[in-house]
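# give me the fold of what follows.
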Amino acid sequence: MTNAIRMDKFGGPEVLQYREVEVGKPGPGQVRVAHTAIGLNMIDTYFRSGLYPLALPSGLGSEAAGVVVATGEGVSGIETGQRVAYASPAPLDGYAEERLIDARWLTVLPDQIDDETGAAMMLKGLTSWYLLKHSYRVKACDWILLYAAAGGVGLIAAQWANQLRARVIGVVGTEKKRGIALAHGCEHVLLANDDIVGTVRELTHGEGVAAVYDSVGRETFYQSLDCLRRHGVMVSFGNASGAVEPFAPLELAKRGSLYVTRPTLWDFVGERADLERGSAELIEAVTSKLIRIEIRQRYPLAEAAAAQIDLEQRVTTGSTVLLP
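Here you go, the predicted model:
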């Protein structure tokens, strides 16, 4: 037996229960991983609340690092004893001491990357990769607007965009977070209660930004559209304030023939070759120190509910890991 977080119903953090579970032996194409660190992500709260569909009862968590303790039939390229990390879709069993997972999602960690960094970087790092290199391909001198710039994805994306020579305007909730975002690639950082549209227009000499990366959702959607230049791209990739409500396409036309996309990571790493390419670029960026993975909070796995409370109340900055 091992321990894991499970939930039998949707709701607040109180629905998360720390329980003994049976993991079993890996089947064909699977491995059993003993986790050493687990990544905490805002998407975990969307599944917990029921915003994203999920069959119950269920585990939770899409990102972790650990050691392979057993392999199933047909697994190649992954061996017992190797250190690995992953970001994976369902089943959501990341909040666990041990789990079974399809080997196709695993990335072998190099010696230069410790387990906590591996656990904190895969989902957030690959999200930053597809946002900047696929949802809108950031080019040198592009102005971009990045919400939650001091968060887990935000700190990685700001640093990566800076390396691509983009001009990053971050949005954060507090003065403390402003300083953190400025130290991690943002050229300017605005507070959420500032005149975002007016300041963005002023900074860009009236033109607007090439792309907005908006993880807030409902509260900021139209504000984000108003920050875009003609033919700009609105990348809506999160729902921290709730899901964006239906809108008329005419709203895009009257703001300069804008584009809107609502991407998800799994459509960019669904093929093993794509996952390998993204992971290789991420690992190279981290090992070469172009990107620093900032782990600023650590909680015992049994206190996952407390960690989610802090995340939802926007107390956290950078990345957070749960420790089995």
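# against Leu265, how distant is the spatially most central residue of the chain?
In the chain, the residue lying closest to the centroid (Cα atoms, centre = their mean) is Lys124, at 3.2 Å. Lys124 sits 10 Å away from Leu265, going by Cβ to Cβ, to the nearest Å. Using the backbone N, CA and C atoms, a C-beta is placed for each residue, glycine as well.
# then Thr2?
Going from Thr2 to Leu265 by Cβ to Cβ gives 27 Å.
# ranges for the helices of the stretch 101-250 of the chain?
Secondary structure of the stretch 101-250 of the chain, counting by DSSP state H, counting those that start in this stretch: helices at 115-130, 152-163, 175-182, 196-203, 221-226, 250-253.
# quick one: which of those is nearest Gly39?
helix 115-130 (4.8 Å; Cβ to Cβ).
# give the other helices and strands that the closest one contacts.
strand 30-39, strand 63-71, strand 83-87, helix 152-163, helix 272-287, strand 295-300, strand 319-323 (3 or more Cβ pairs under 8 Å, 6 or more residues apart in numbering; DSSP states H and E).
# okay, those in TSV with mean neighbour count and mean pLDDT next?
Output for the helices and strands packed on helix 115-130, formatted as TSV (neighbours: other Cβ atoms under 10 Å; pLDDT from 0 to 100):
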stretch	mean neighbour count	mean pLDDT
strand 30-39	24	98
strand 63-71	23	98
strand 83-87	25	98
helix 152-163	26	97
helix 272-287	17	98
strand 295-300	16	97
strand 319-323	23	98
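# could you find the closest non-adjacent residue to Val33?
Gly66 (4.4 Å; Cβ to Cβ, 6 or more residues apart in numbering).
# what's the one you found in contact with, if anything?
By Cβ atoms under 8 Å, 6 or more residues apart in numbering, Gly66 lies in contact with Val33, Ala34, His35, Thr36, Ala37, Arg83, Val84, Ala85, Glu98, Asp115.
# same check on His231?
By Cβ under 8 Å, 6+ apart, the residues touching His231 are Gly256, Ser257, Leu258, Tyr259.
# same deal with Gln223?
Each residue near Gln223 by Cβ under 8 Å, 6+ apart is listed here: Ile196, Val197.
# again, only this time at 10 Å
Shown in contact with Gln223 (Cβ atoms under 10 Å, 6 or more residues apart in numbering): Leu145, Tyr147, Val171, Ala192, Asp195, Ile196, Val197, Val200, Val212, Asp214, Val216.
# got any ranges where the stretch 201-324 of the chain has weak pLDDT?
In the prediction, the stretch 201-324 of the chain carries no residues with pLDDT under 70.
# please check the contacts of His231 and keep the buried ones.
Neighbour-count burial (16 or more other Cβ atoms under 10 Å) applied to the contacts of His231 gives Leu258.
# angle of the helix or strand hosting Tyr46 against strand 63-71?
Element membership of Tyr46, judged by DSSP states H and E, is helix 42-49. For helix 42-49 against strand 63-71, the angle by axes from the mean of the first three to the mean of the last three Cα atoms, to 10 degrees is 80 degrees.
# show me what helix 42-49 is packed up against.
helix 115-130, helix 304-312 (3 or more Cβ pairs under 10 Å, 6 or more residues apart in numbering; DSSP states H and E).
# who are the packing partners of the shortest one?
Which is helix 304-312. Partner elements for helix 304-312 (3+ Cβ pairs under 10 Å, 6+ apart): strand 2-6, strand 17-21, helix 42-49, strand 295-300, strand 319-323.
# and Ala280, which of the ones you listed is closest to it?
strand 319-323 (20.5 Å).
# quick check: domain ranges of this structure?
Per automatic domain parsing, the domain ranges recorded for the chain read 2-122+294-323, 140-262.
# first-to-last residue distance for the last one?
One end of domain 140-262 sits 24 Å from the other (Cα to Cα, to the nearest Å).
# do the same with stretch 296-312
This stretch, stretch 296-312, spans 15 Å end to end (Cα to Cα).
# and for stretch 126-136?
14 Å.
# same check on stretch 234-248?
15 Å.
# residues of that stretch that come out buried?
Buried residues in stretch 234-248 (16+ other Cβ under 10 Å): Met234, Val235, Ser236, Phe237, Gly238, Asn239, Ala240, Val244.
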